[in-house]
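Novice: Here is a sequence with its predicted model. Questions after.
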Amino acid sequence: MFLAILIIMGLNHLPKVCLYWSSNEMFGNRRIQGITKRDRFDTLLNNFHLLNNEDLTADNDRLLKLKGIVNLICNQFKETLSPGNSVVIDESMVPWRDQLVFRQYLPAKSHKYGLKLYKICTPEGYTYDLRIYAGKNAPDVQDNKHGHTFNICMDLLEGLL
């Protein structure tokens with residue numbers, strides 16, 4: 001239910017997290033209020049952790065702590081729908097203004113600061129698979145034989161060609 005609350009918050013954005021539990025009808029979200037109390041949600045949010053620190057390896061993978069959940073989500077995308085003969089490869093930006101080593105600045109995007117995602121989608125817009133860009137020093141970007149764009153495209157098309 002914790003992840004469901006985060007999804008609802010992503011769809012119904014409010015300036016402060018505490019407003020979802022507000023008694024004001026303009027801000028309060030009855031569905032979230034019915035799931036859990038605000039203090040419990042704050043405790044869960046502060047202690048939310050995706051990886052056992054004892055499992056950490058010495059490599060410099062910046063996305064190591066997220067890989068498990070990202071792979072789980074991507075596998076679910078792939079099981080839900082097969083893209084058919086035509087696909088679209090897209091570069092998307094997830095807004096992010098806080099400190100992050102691989103945060104990108106792309107002036108042409110509507111959200112200029114954020115996390116860069118490479119996605120393979122159906123022409124209707126369904127995301128089939130995605131990759132998070134973790135900077136030019138990330139392990140998956142090191143192969144410069146064909147270039148970064150080629151590597152990302154071939155990685156996303158794996159299993160479809």
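Specialist: In hand now; what should we look at? Numbers count the residues shown, from 1 in each chain.
Novice: Show me the chain divided up by domain.
Specialist: 2-47, 61-157 (automatic domain parsing).
Novice: Of all those, which one is nearest Asn53?
Specialist: Smallest distance to Asn53 across these (CB to CB): 9.0 Å, for domain 61-157. For the C-beta atoms, the positions are set from N, CA and C on the backbone; glycine is no exception.
Novice: Any stretches of the chain with poor pLDDT?
Specialist: 55-60, 137-144 (pLDDT under 70).
Novice: So in it, which helix runs the longest?
Specialist: Using DSSP state H, we find that the single longest helix of the chain is helix 64-80.
Novice: Next, the buried residues of that one.
Specialist: Neighbour-count burial for helix 64-80, with 16 or more other CB atoms under 10 Å as criterion, is recorded at Phe77.
Novice: could you dump the domains of the chain to JSON lines with distance to Glu54?
Specialist: JSON lines is the format used below for these (distance: least, CB to CB, whole Å):
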{"stretch": "domain 2-47", "distance to Glu54": "17"}
{"stretch": "domain 61-157", "distance to Glu54": "13"}
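Novice: what is Gln104 paired to in the beta sheet?
Specialist: Going by DSSP bridges, Gln104 is paired in beta bridges with Gly114.
Novice: so what's it up against?
Specialist: Remark: with contacts taken as CB atoms under 8 Å, 6 or more residues apart in numbering, Gln104 is in contact with 93, 113-116, 133.
Novice: And Gln33, by the same measure?
Specialist: Residues near Gln33 by CB under 8 Å, 6+ apart: 20-21.
Novice: Show me where the chain has its strands.
Specialist: Secondary structure of the chain (DSSP state E): strands located at 88-95, 104-105, 113-121, 127-132.
Novice: Does anything pack onto the longest one? Which helices or strands?
Specialist: Taking 3 or more CB pairs under 8 Å, 6 or more residues apart in numbering; DSSP states H and E as contact, the helices and strands that strand 113-121 lies on are strand 88-95, strand 104-105, strand 127-132, helix 148-157.
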